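**Student:** This is a predicted model, with the sequence first.
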Amino acid sequence: MGEFLSFLGDNLVAFWDYTGFANATYQHIIMILVGLLFIYLAVAKEFEPMLLIPIGFGMLIGNIPFNLDAGLQVGIYEEGSVLNILYQGVTSGWYPPLIFLGIGAMTDFSALISNPKLMLIGAAAQFGIFGAYIIALLIGFEPNQAGAIGIIGGADGPTAIFLSSKLAPNLMGAIAVSAYSYMALVPVIQPPIMRLLTNNKERLIRMKPPRVVSHTEKVMFPIIGMLLTCFLVPSGLPLLGMLFFGNLLKESGVTRRLATTASGPLIDTITILLGLTVGASTQASQFLTLDSILIFGLGAASFVIATASGVLFVKFFNLFLGKNNQINPLIGNAGVSAVPDSARISQVIGLEYDPTNYLLMHAMGPNVAGVIGSAVAAGILLGFLM
């Protein structure tokens, strides 16, 4: 009987050593609480639920404590585990191009085609990327790490993941979570900046209705856009090529099934896998570092600079435009590529000051230009820093 009780006791001790309760640290608890916060913001506040729920739940999965010496093969950083295999789509950089394929298939570039000068606003907003890059260099990050951190200012999660997987794989979890966090917080971050940098007269500017864009123009745009941007920055080909290919599927009118698949089931599937594995990559031991805190701070600075740059550029550009061709500076925030949330913010703030002034269609121009601009910026950084 004594031997049986001893045997049973040893087994219970061994079992306890396998449990999460025995291996939990305060760092695991912190990350689990962050994951729960993400889920709360998605459900209660509806902040980017399609992103925050997979990422938040992924944080819970990634921070279940276990004995690393037990050889359980369940952790995302354990070679051969299921999560590790799924995570290879992030580390190898093939999830982001598939996301861009879906974005292209669901994006209407008509607002940009009808008023090409709006592309300049999308370009101006990319100052946030290069501003954060310079700041990161100044505080001690290596050039490749600084480039990966700076891309957060583009407010484009897939681009941030793609670039960081190439330039700074060890920082990818923090960069990805930071990028998606600030994308979700667009309704919180951007309005105060927009109000601060504009006056009442500027907020009331009415823009001319966009002209009707022909089918031929819509078909030619992704072809010409891909050739021009990829000849300029060949390193951006995986993102830009897939973006414009997806748009051609949509606009050609003869590949509706492919466009529907790319903009529906495919992008939904990849979004689930991307969000879940990015969230799971935030294991406490890998994530809770001083670098992660600095990355979140630099990400915020990058996002603020990008928003301010877009608004201020419109104010400057208006100095050279006739009175009847003025651009409302409230659409300057939409130069970041958080589609379509930034454009909606332009609309919401505009309606606050004039309930009859609808800015959404105008804001979509710089918004989709921002998608192209962030991919081009990523290509530039990749070309210089690889």
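**Tutor:** Received it, and whenever you're ready, just let me know what you need. Since the model is a prediction, treat every value here as computed from it, not as a measurement.

**Student:** Grab the longest helix from the protein for me.
**Tutor:** Determined from DSSP state H, the single longest helix within the chain is helix 290-318.

**Student:** Show me what that one packs onto, helices and strands only.
**Tutor:** On a contact count with 3 or more Cβ pairs under 8 Å, 6 or more residues apart in numbering; DSSP states H and E, helix 290-318 meets helix 119-124, helix 127-138, helix 143-150, helix 172-184, helix 186-197. Quick note: C-beta positions are derived from backbone N, CA and C, even for glycine.

**Student:** Give the rounded mean pLDDT of the next helix or strand after the last one.
**Tutor:** Right, the one you point to is helix 186-197. Following helix 186-197 in sequence order, the next helix or strand is helix 200-203 (DSSP states H and E). Taken as a whole, helix 200-203 has an average pLDDT of 94.

**Student:** mind saving the C-alpha coords of helix 200-203 as CSV?
**Tutor:** Extracted C-alpha coordinates of helix 200-203, given in CSV (Å, rounded to 0.1, in the frame of the first residue of the first chain):
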residue,chain,number,x,y,z
ASN,A,200,-13.1,76.0,-38.8
LYS,A,201,-12.8,77.6,-42.3
GLU,A,202,-10.7,74.7,-43.6
ARG,A,203,-13.0,72.1,-42.1
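
**Student:** out of the helices and strands packed on helix 290-318, which comes closest to V278?
**Tutor:** For V278, the closest of the helices and strands packed on helix 290-318 is helix 172-184, at 4.6 Å, according to Cβ to Cβ.

**Student:** now that closest one against helix 290-318, angle please.
**Tutor:** 40 degrees (axes from the mean of the first three to the mean of the last three Cα atoms, to 10 degrees).

**Student:** sorry, back to before: list the buried residues in the longest helix of the chain.
**Tutor:** Residues of helix 290-318 classed as buried: 291-292, 294-296, 298-314, 317-318 (neighbour count, 16 or more other Cβ atoms under 10 Å).

**Student:** repeat for stretch 129-142
**Tutor:** With burial defined by 16+ other Cβ under 10 Å, the residues of stretch 129-142 counted as buried are 129-133, 135-137, 141.

**Student:** Name the residues that touch it?
**Tutor:** 143, 145-147, 149-154, 294, 298-299, 301-302, 305-306, 309, 374, 377, 381 (Cβ atoms under 8 Å, 6 or more residues apart in numbering).

**Student:** now stretch 41-60
**Tutor:** Applying Cβ under 8 Å, 6+ apart, the external contacts of stretch 41-60 come out as 31-32, 34-39, 157, 177, 180, 183-185, 187, 271-272, 274-282, 341.

**Student:** and what of stretch 305-322?
**Tutor:** 117, 120-122, 124-129, 131-132, 153-155, 189-190, 193-194, 197-198, 202, 326-336, 366.
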